[in-house]
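1. predicted structure and sequence below. I'll ask about it afterward.
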Amino acid sequence: MDVVEAKEIVRAEIDRLTPTLLEVSHSIHANPELNFEEHHAHDTLTGVLEDQGLAVERGAYDMATAFESRVGADDGPTVAVLCEYDALPGIGHACGHNIIGAAGLGAGLAVAKVAEALGGRVAILGTPAEEGGGGKEFMIRRGAFDDIDLAMMVHPADRDLRTMHTIAIQQLDVRYTGRAAHAAASPHTGLNALDAAVLGYNAVAALRQHIRPEERIHGIFADGGDKPNIVPSKAATEWYVRSGNMDSLEALKTRVLGCLHGGALSAGCEMHHEWIDPPFYDMLDNHPLLDLYVQNAMEVGRHPLPETEGAMVVGSTDMGNVSYSVPAIHPMIKVAPEGTPIHTPEFEVHAGREEGDRGVIDGALTMALTLVDCLASDETRDAIRGAFPGTT
């Protein structure tokens, strides 16, 4: 089978699947689920795969809401399309993961029709808990990407972009321990854990003046005591620490901890901290693969823009971890009016409406066409592999 015939089959398959894919997207959107709790989404996606005749491993890689389906020639190259489907607390699918899951499903099903004829295999991977849980990293550690030649997904945004400006991130939990006392009768006998947390927070606030432009530090108070008339014996804060790459992240982590320990020392309290595993790596977009995606996006009618200061989505994703393991891309697809930021109630609305539906179908088709190009050409795969860091 040549690439032209394969692409005709893929286009016809996306057309056939369109009602199913939109039903999947709407169903996941209407039933938002948090990290590692995506049972409805998992069952919806795997149910469609099984209905379409594909074998599926549910609860793959020791995660109840992960899944895997592989179709094609076992001895050929393997390309992967990734599905995300977790939501955000309070604002549901304001990151549009319903679109990611449905688009990945469509691309995988379409390529499954031609993979064996092209001498290769497609892996459809359900990757839970992107919103802080790091499901992809756990799948990496458990071997999901050991025989994958390349991987891709598409992420919703307010415009079509070649890339997302991704930065490395690690979460930090901090607990302060002091000594309780009656705040009126004997405050001098207490050690105020909330003061320790506040002083640490203010120290980080001062640090923010002196960090790199691409670095970010966000924190909240998770526990501030029980009653105003009791000197708080315990307090807690939660932090996201972000930097441009993993090396600079390690340096920033050290500075943040210094601030937080300083607060504890000033208040005479003890501090315990935990860096939450896994960290999210920065994204290493594979440029030959990305160029191929952009070519196909233009055929579909999309025109992904290069990242500029005025056209940029900044964030972190565990797809970055995948990009350190195999050649990978993470382009952005427009599903909302320009100027509508992700992680907002406004974006959540658009993710379940007409423009979100177009993102599902265009994203599925563009990825499917790109995967066909990769399976059909040894030279294309060689170029992709040659651009992967560490390849010799």
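-> That came through, no problem. For clarity, every value in this text was computed on a predicted model and none was experimentally measured.
2. give me the buried positions along the longest helix seen in the chain.
-> Looking across the chain with DSSP state H, the single longest helix is helix 3-30. Buried residues in helix 3-30, counted by 16 or more other CB atoms under 10 Å: 3, 6-7, 9-10, 13-14, 17-18, 20-22, 24-26, 28-29. Every C-beta, even on glycine, is put in place using the N, C-alpha and C of the backbone.
3. so what does that helix touch, helix or strand wise?
-> For helix 3-30, the packing partners by 3 or more CB pairs under 8 Å, 6 or more residues apart in numbering; DSSP states H and E come out as helix 39-51, helix 97-112, helix 354-376.
4. adding distance to M246, mean neighbour count and mean pLDDT, write those helices out as a markdown table.
-> A markdown table is the format used below for these (distance: least, CB to CB, whole Å; neighbours: other CB atoms under 10 Å; pLDDT from 0 to 100):
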| stretch | distance to M246 | mean neighbour count | mean pLDDT |
| --- | --- | --- | --- |
| helix 39-51 | 30 | 19 | 98 |
| helix 97-112 | 24 | 30 | 98 |
| helix 354-376 | 27 | 25 | 98 |
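5. the strands in the stretch 251-392 of the chain, which residues?
-> All strands of the stretch 251-392 of the chain, identified by DSSP state E, counting those that start in this stretch, fall at 270-280, 314-315, 328-329, 332-334.
6. what's the mean pLDDT across the second one?
-> When pLDDT is averaged along strand 314-315, the result is 86.
7. the first one now?
-> For strand 270-280, mean pLDDT rounds to 97.
8. re earlier: go through the helices and strands packed on helix 3-30 and name the closest to V174.
-> helix 97-112 (28.7 Å; CB to CB).
9. now the angle between helix 39-51 and that closest one, please.
-> For helix 97-112 against helix 39-51, the angle by axes from the mean of the first three to the mean of the last three CA atoms, to 10 degrees is 20 degrees.
10. could you list every helix and strand in contact with helix 97-112?
-> Against helix 97-112 (3+ CB pairs under 8 Å, 6+ apart) you get helix 3-30, helix 39-51, strand 67-72, strand 78-83, strand 121-126, strand 155-157, helix 354-376.
11. now tabulate those in TSV and tack on distance to G135.
-> As requested, the helices and strands packed on helix 97-112 are exported to TSV (distance: least, CB to CB, whole Å):
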stretch	distance to G135
helix 3-30	16
helix 39-51	11
strand 67-72	11
strand 78-83	10
strand 121-126	9
strand 155-157	15
helix 354-376	20
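12. from the centroid of the chain, which residue is nearest?
-> The centre of the chain sits closest to T317, judged by CA atoms, centre = their mean, with a distance of 3.6 Å.
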